[in-house]
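1. sequence and predicted structure are below.
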8 protein chains.
Amino acid sequence: MSKPYVRLDKQDAAVLLVDHQTGLLSLVRDIEPDKFKNNVLALSDLAKYFHLPTILTTSFETGPNGPLIPELKEQFPDAPYIARPGNINAWDNEDFVNAVKATGKKQLIIAGVVTEVCVAFPALSAIEEGFEVFVVADASGTFDPITRDAAWRRMEQAGVQLMTWFGVACELHRDWRNDIEGLAALFSNHIPDYRNLMTSYDRLTQKG
Amino acid sequence: MSKPYVRLDKQDAAVLLVDHQTGLLSLVRDIEPDKFKNNVLALSDLAKYFHLPTILTTSFETGPNGPLIPELKEQFPDAPYIARPGNINAWDNEDFVNAVKATGKKQLIIAGVVTEVCVAFPALSAIEEGFEVFVVADASGTFDPITRDAAWRRMEQAGVQLMTWFGVACELHRDWRNDIEGLAALFSNHIPDYRNLMTSYDRLTQKG
Amino acid sequence: MSKPYVRLDKQDAAVLLVDHQTGLLSLVRDIEPDKFKNNVLALSDLAKYFHLPTILTTSFETGPNGPLIPELKEQFPDAPYIARPGNINAWDNEDFVNAVKATGKKQLIIAGVVTEVCVAFPALSAIEEGFEVFVVADASGTFDPITRDAAWRRMEQAGVQLMTWFGVACELHRDWRNDIEGLAALFSNHIPDYRNLMTSYDRLTQKG
Amino acid sequence: MSKPYVRLDKQDAAVLLVDHQTGLLSLVRDIEPDKFKNNVLALSDLAKYFHLPTILTTSFETGPNGPLIPELKEQFPDAPYIARPGNINAWDNEDFVNAVKATGKKQLIIAGVVTEVCVAFPALSAIEEGFEVFVVADASGTFDPITRDAAWRRMEQAGVQLMTWFGVACELHRDWRNDIEGLAALFSNHIPDYRNLMTSYDRLTQKG
Amino acid sequence: MSKPYVRLDKQDAAVLLVDHQTGLLSLVRDIEPDKFKNNVLALSDLAKYFHLPTILTTSFETGPNGPLIPELKEQFPDAPYIARPGNINAWDNEDFVNAVKATGKKQLIIAGVVTEVCVAFPALSAIEEGFEVFVVADASGTFDPITRDAAWRRMEQAGVQLMTWFGVACELHRDWRNDIEGLAALFSNHIPDYRNLMTSYDRLTQKG
Amino acid sequence: MSKPYVRLDKQDAAVLLVDHQTGLLSLVRDIEPDKFKNNVLALSDLAKYFHLPTILTTSFETGPNGPLIPELKEQFPDAPYIARPGNINAWDNEDFVNAVKATGKKQLIIAGVVTEVCVAFPALSAIEEGFEVFVVADASGTFDPITRDAAWRRMEQAGVQLMTWFGVACELHRDWRNDIEGLAALFSNHIPDYRNLMTSYDRLTQKG
Amino acid sequence: MSKPYVRLDKQDAAVLLVDHQTGLLSLVRDIEPDKFKNNVLALSDLAKYFHLPTILTTSFETGPNGPLIPELKEQFPDAPYIARPGNINAWDNEDFVNAVKATGKKQLIIAGVVTEVCVAFPALSAIEEGFEVFVVADASGTFDPITRDAAWRRMEQAGVQLMTWFGVACELHRDWRNDIEGLAALFSNHIPDYRNLMTSYDRLTQKG
Amino acid sequence: MSKPYVRLDKQDAAVLLVDHQTGLLSLVRDIEPDKFKNNVLALSDLAKYFHLPTILTTSFETGPNGPLIPELKEQFPDAPYIARPGNINAWDNEDFVNAVKATGKKQLIIAGVVTEVCVAFPALSAIEEGFEVFVVADASGTFDPITRDAAWRRMEQAGVQLMTWFGVACELHRDWRNDIEGLAALFSNHIPDYRNLMTSYDRLTQKG
């Protein structure tokens, strides 16, 4: 009756950031914009922090969908960057799939805009090819909660694991002793309540 | 551990529009009316755009349930139109099932009013007969979110894939290069935010 | 890939109304009281309308939980009525299980207060014994949406089908032609929007 | 088609309270604080009431995460208390797992802060080792409903049963006759509506 | 600094029920239909209970707006009934104003559909003519909460007092001793929680 | 104690549409986009229907704020159109104020994006100059409900009357007999529920 | 243009607790029960802490409305206690008004159940007699948010100041230096987040 | 009938930031933390951008309330900083009032934590002394929406103008031509949707 715990492993995971473009972001209305921006940048920061191979892709970025948000390009200047000429499902793009496979990882952490298309389609394709897929739900956005809910259920049905960026960071890190300051900085930069706890703590322990 | 991606294919899909009648629409309170109307017409437009065989059906349309909304009849003047004399589950109506089978398609895209009856019943019947069933959740409406939620779970349990119209359009289209203008027009007509992106873009690139 | 549609059949279904007691009802806060009362009475009316064997049970009704709401007792004066002396799970009460089995039905339609206990416990027990279980979600109530959600998931995991009273009525009736007036009266009495449609219709067709 | 009812048994259950620390609690925003505090203390009270072996654990309690809330320490002065030096997943801590196994129980009732990490990680690990896992959803808290929802789905996918403290108490107690006063006191102390019912009842029956 | 309490007085109040018509009711989406129906009938019952002169009016009832809901006509068979041929503001209709003035009352209790038009317009007109106006907010409905809110503010600005049916009943009754049974029956018929309290009470005091 | 009813009069009202620009619209998140677009176009249609002088203005339309949505320009090709070079408050622009004064009207119906700036600022300025100001709340949008609420209160405090487009249309029209078909068309085009009522009605009365 | 700040003064304020009875509390659905109970007890605790004269009153407490919640009676064993035989507005009861006037205070802090009746009626009466009235909004409850909102507006219109218990405590206390420990204990007992801050603080400063 | 527009003037306004302390921030639950942090920093940035005299104050910062968030201290290293030893209302502190008066400004822009105390108390005091008070509602936070609502109404009643940071910035700036880049940078840093518009624009106009 036991069931294996398919657990993120920083040696075996890659991050796919799909279509976080300036135009498409105006479609996202299931998460408040300040929070969504924070979640996307938190995911980007953790990918860098854990040295996970990261792949950037965009859809039709010279048209109304707009360019990738500059923060992501700056964060990963040397990452594979696939500006898809037309494929809606990134997995239909050979360069993208090659880049994914070139990482040699079998766990894929995916986020993007919009959830039911740019995230769900490659997630379902990757599951079909035997990858372990983890969707970062709070760094993925779409039109409204009904659409998000339907997308989550479709992905879940196929075996996708739904997570949020904080859980991903914790599952990858495993033990605070691996690096207390680094993880604390990541949390302090993206969780105001955690930052406040740290500031209060530092003040009382003379570090602040 | 891999699982096949059961993906919509425009060569192999038919659309079933069930009971979008003027009286029944007054029962729909889980989606705001302007948005719901837009979703239903978007689905209707995409069915036409992709030349998917489409079947219209109504329940007791001469009574209080009222006639089919005229936009659907106008959109598909030659589609099979089954005014069911009494069967609540459209699949209990032989003409309807025959029309479905006559399309020769094995993927069924279903939407209707109300979700837990007019959509769920034929969806469950079609699953039983081996069809691949995709319910367009945002073009289907019902009394309240509790009812919708229960209906979604029952359908999901049976293997129905829950989608929304935008995801259906994207999964059918596959690649923008198949027809940029057509898909853009579909989105512009039904997603105000997308239309705004396009207007801004056209202005700056001298097309507007 | 097909999956059988386990469909309610009026020849094979019994209704279990569990602990709709005046005290316990004050605990229900996941559905607005006017609506919840209407849903419970609608379920009771449909049980009578379809002549489904119905079983009433209460928990500790001489204490603070209070008596069964009088409308249910009046509706089913001759139904088995099991005032449980202490068992929280009605299925732990031999008289109750005997009454269920005496109906000879294999489909059980269950509703009660509170959802995660008085409904979920006998539902899970009945599934274990091989019954087909349909929980009427909107005639079952509990403390808050979080509790309801958790209860729904636990029941779903075990194979319970979640429905609402309107879907139950429609699935049992199958075809309006079986009795138009009876079903219309049921709907008119419990769905204000439907009643309005009928009143408008009757006025215009000279029946009103 | 029947499915076994995996039911809580007070002879075979242990309670794991994970990281209910004063700092971490300021991160919990998916449940209102008065209610959340009540739920955690209700779970703690029921663990004591049913004499369930209970294990306390904290993460980095000398840092900003803060100490365990004092009420829990006072309630279980002799319980195993594992102040984890760094492991994020309590199950990665050998002392913790040893304490769990030393109880000799195969059912684990888990609650903690935050849900998707401190609860989900050990829950998934315990499932993998063959335990029956029951997560007390309303005594577990996290950043927001999106995060909670994703966490619930991941745990559900793995076979965790989601419950709330009231359902846990009822499933463990089985029959009011086992001890009416004790259970009534538990409910009266943690459910204001139930307390009111009891006060009204006592007044009218001369006990108040 | 004191301010007079303009208090409802059953000797000096009339009730105006404006456009509760079957078609218009399908526009009401700021209150759930079961609850709204209950509120309207509760207001109607209290008008009768306190023998308040009551005036019924409809807008274009032979067209799509539909007939008055039959319950109101049955409740007040002899009340002035003004089927307005076209005036949107009932106060623009001379027959209506004459009927109001014929009551000789200076306090007007108004409810209707939709709030910002059928209620607000005559309310503002009546204020202008020096009446004391009390709008029964929960027996008035409209498209959505934004519209309701704007309507409430406009009426408030002009001096309308916003109340709900329960407050109106209590302010008119003043003292339970005037008639305990009558008021209790009114409440029992329209407040499920109150009915439950009474049922529990009666059972314990041997009246049930 | 009476208070004058400051009522919209089609002979004395002008409409000011402020900054409904494609870029700024992406900031609007207090109303769902399909509904907001419908409300803006409904207001535009009613302005035309009642032949109200209408003034269009934009802020910095050659920059990221984007052009006016084309539908408004097409609806009022000959209206004064003030593309403000920099003034945030349209009333600080002399051309705009001159255009307003040139209408000779003393009632101003204002809507725009975003509510607390583009609407509130000119509304407060116009009040100061003695105009009667009516803000169309549902054709004005902003970042979130908190911002909207604060803006509404500030305007209300200054004497602005808050309305929605439907109330504006009804108050201007006064009597259906002035033109039944025109008003019905306006409502049918912008209120799906009303359109459904009309379709049902026409079918039953042989007009459909 | 300045406006006097009518500020609570512990020398000049009395507290009126109106109808917090066990039956009536089951009607309160605009605030979650755990939170509401906490708010009422916090108000009671602050009344005692500041030695404010406090008056208790109930409506028909021998009937279904039920007895006063015992905590209040225990907190103020010697307070005037007016069990009203029938007056719905406590201010219509001579004993109650006499008790209020006997306090010699001109500031009245009022809370009760239900807001629009048991709170609003005496609040409006007291305003009329020249008292300064402060309603404790979060220690007053009613059927739903619409009812609460209408009640708040009616009271506000008459000059009532709306506050919540925390603001009342702070405005009465004026300066932490008057008694740090006492106020901290009040907050720690009724604000879980504050208690957590204090626990963390004490731990780090060696007090915990 | 006209009413003067009391308009923010950058020559005549000062900013008061009250008690944005790390401990107190954990009490704020009426605005999501990422958004609230952004709002507070946006207000701080605009105060600096417009060179408004700014005053910082804290309550009991050596205790559990915690230190001022460091970002504010860093932004205004030379601003008057009043660490109040005990006064809850900052206006009761002579140093604070002196600092306010020393600015020589008559318009006060106030924000703080928690709204009904730290903001409302000094706002009411300042109004009493004849200042024009503008509360920045979205940079002020408190326990829950009920508390916020009550606080807003009390302040509004006294003549406070409620605004949000974006409106404050726009009203102070008056005209984009005063400095396009500076204002754009302010908006780009604090409004993700605006930043996206600017990025898209720059890309298309060759600036990006």
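-> Sure thing, it's come through.
2. what does the helix or strand harbouring A:Ala120 contact?
-> Assigned by DSSP states H and E, A:Ala120 belongs to helix A:120-128. Applying Cβ atoms under 8 Å, 6 or more residues apart in numbering or on different chains, the external contacts of helix A:120-128 come out as A:16, A:18, A:88-92, A:96, A:100, A:108, A:110, A:133, A:135, A:151, A:154-155, A:158-160, B:2-5, B:7, B:167, B:170-171. (Each C-beta comes from the backbone N, C-alpha and C, glycine too.)
3. and the buried ones among those residues, selectable in PyMOL?
-> A single PyMOL command selects the buried members of the contacts of helix A:120-128 (16 or more other Cβ atoms under 10 Å in any protein chain shown):
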select buried, (chain A and resi 16+18+88+89+90+91+92+96+100+108+110+133+135+151+154+155+158+159+160) or (chain B and resi 5+7+167+170+171)
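4. let's see which of the contacts of helix A:120-128 end up in helices.
-> A:96, A:100, A:151, A:154-155, B:167, B:170-171 (DSSP state H).
5. as TSV, those residues with pLDDT and distance to chain H would be great.
-> Formatted as TSV, the ones in helices among the contacts of helix A:120-128 follow (pLDDT from 0 to 100; distance: Cβ to the nearest Cβ, whole Å):
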residue	pLDDT	distance to chain H
A:Phe96	98	22
A:Val100	98	27
A:Ala151	98	22
A:Arg154	98	27
A:Met155	98	25
B:Gly167	98	23
B:Cys170	98	21
B:Glu171	98	26
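6. which of these sits closest to A:Ile31?
-> A:Ile31 lies nearest to A:Ala151 out of these, by Cβ to Cβ, at 13.3 Å.
7. from what I see, that closest one and A:Cys118 are in contact.
-> No. Using Cβ atoms under 8 Å, A:Ala151 is not in contact with A:Cys118; the gap is 10.3 Å.
8. and A:Gln38, what does it touch?
-> Check again: residue A:38 is Asn, not Gln. A:190, H:34.
9. buried ones in the host helix or strand of it, by neighbour count?
-> In this structure, A:Asn38 sits in helix A:33-49 according to DSSP H and E. Counting neighbours by 16+ other Cβ under 10 Å, one finds that the buried residues in helix A:33-49 are A:33-47, A:49.
10. got it, and stretch A:170-183?
-> Buried, per 16+ other Cβ under 10 Å, within stretch A:170-183: A:170-176, A:183.
11. for chain A, which residues are neighbours of chain D?
-> Contact residues, chain A versus chain D (Cβ under 8 Å from any Cβ of the partner chain): A:1-5, A:7, A:31, A:137-138, A:152, A:156, A:161-164, A:166-167, A:170-171, A:173-178, A:191, A:193-194, A:196-198, A:200-201.
12. whatever residue of chain A ends up closest to chain E - how many residues pack around it?
-> Residue nearest to chain E within chain A: A:Asp144 (15.7 Å; Cβ to the nearest Cβ). A:Asp144 has 16 neighbouring residues, counting by other Cβ atoms under 10 Å in any protein chain shown.
13. quick check, pLDDT for A:Arg203.
-> pLDDT recorded at A:Arg203 is 94.
14. isn't there a helix covering it?
-> Yes. Judged by DSSP: H, G, I helix; E, B strand; the rest coil, A:Arg203 forms part of a helix.
15. what pLDDT is listed against the closest residue to it other than its chain neighbours?
-> On the basis of Cβ to Cβ, 6 or more residues apart in numbering or on different chains, the spatially nearest residue to A:Arg203 that is not a chain neighbour turns out to be H:Pro67, at 5.0 Å. H:Pro67 is assigned 97 on the pLDDT scale.
16. in contact with H:Pro67: list those residues for me.
-> Here H:Pro67 is in contact with A:199-200, A:203, A:208, H:21-22, H:58, H:61 (Cβ under 8 Å, 6+ apart).
17. and for A:Thr147?
-> Here A:Thr147 is in contact with A:30, A:114-116, B:137-138, B:164, B:166-167 (Cβ under 8 Å, 6+ apart).
18. pick out the most distant pair among those.
-> Comparing all pairs in these by Cβ to Cβ, the longest separation belongs to A:Val114 and B:Ala137, at 14.8 Å.
19. hmm, back to that, just how off-centre is the helix holding A:Ala120 within its chain?
-> 15 Å (Cα atoms, centre = their mean, to the nearest Å).
20. for chain G, see how far away the residue nearest in space to the middle of chain A is.
-> In chain A, the residue lying closest to the centroid (Cα atoms, centre = their mean) is A:Ala111, at 3.9 Å. A:Ala111 is 31 Å from chain G, where distance means Cβ to the nearest Cβ, to the nearest Å.
21. ok, now which ones touch whichever residue of chain A sits closest to chain G?
-> The nearest approach of chain A to chain G comes at A:Leu204, 4.3 Å away (Cβ to the nearest Cβ). Counting by Cβ under 8 Å, 6+ apart, A:Leu204 touches G:201, G:204-205.
22. now A:Ser26
-> Counted by Cβ under 8 Å, 6+ apart, A:Ser26 has contacts B:193, B:196-197, F:26, H:193, H:196.
23. stretch A:49-64 vs chain F: in contact?
-> No. Shown here: stretch A:49-64 not in contact with chain F (Cβ under 8 Å from any Cβ), separated by at least 10.4 Å.
24. for that stretch, list the C-alpha coordinates in CSV.
-> The C-alpha coordinates for stretch A:49-64 follow below in CSV (Å, rounded to 0.1, in the frame of the first residue of the first chain):
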residue,chain,number,x,y,z
TYR,A,49,20.8,29.6,-6.2
PHE,A,50,20.6,25.8,-6.7
HIS,A,51,22.5,26.0,-10.0
LEU,A,52,19.8,24.3,-11.8
PRO,A,53,20.0,24.2,-15.5
THR,A,54,17.4,26.6,-16.7
ILE,A,55,15.8,27.0,-20.1
LEU,A,56,14.0,30.1,-21.3
THR,A,57,11.5,30.2,-24.1
THR,A,58,9.1,32.7,-25.6
SER,A,59,6.2,32.6,-28.0
PHE,A,60,6.2,35.0,-30.9
GLU,A,61,8.1,37.6,-29.0
THR,A,62,8.2,40.1,-31.8
GLY,A,63,4.4,40.5,-31.9
PRO,A,64,1.9,41.6,-29.3
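25. ok, it near chain B or not?
-> Yes. Interface with chain B: stretch A:49-64 contributes A:59-60, A:63-64 (Cβ under 8 Å from any Cβ).
26. turn those residues into JSON lines, including secondary structure and neighbour count.
-> Putting the residues of stretch A:49-64 next to chain B into JSON lines (DSSP: H, G, I helix; E, B strand; the rest coil; neighbours: other Cβ atoms under 10 Å in any protein chain shown) gives the following:
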{"residue": "A:Ser59", "secondary structure": "strand", "neighbour count": "26"}
{"residue": "A:Phe60", "secondary structure": "coil", "neighbour count": "22"}
{"residue": "A:Gly63", "secondary structure": "coil", "neighbour count": "16"}
{"residue": "A:Pro64", "secondary structure": "coil", "neighbour count": "26"}
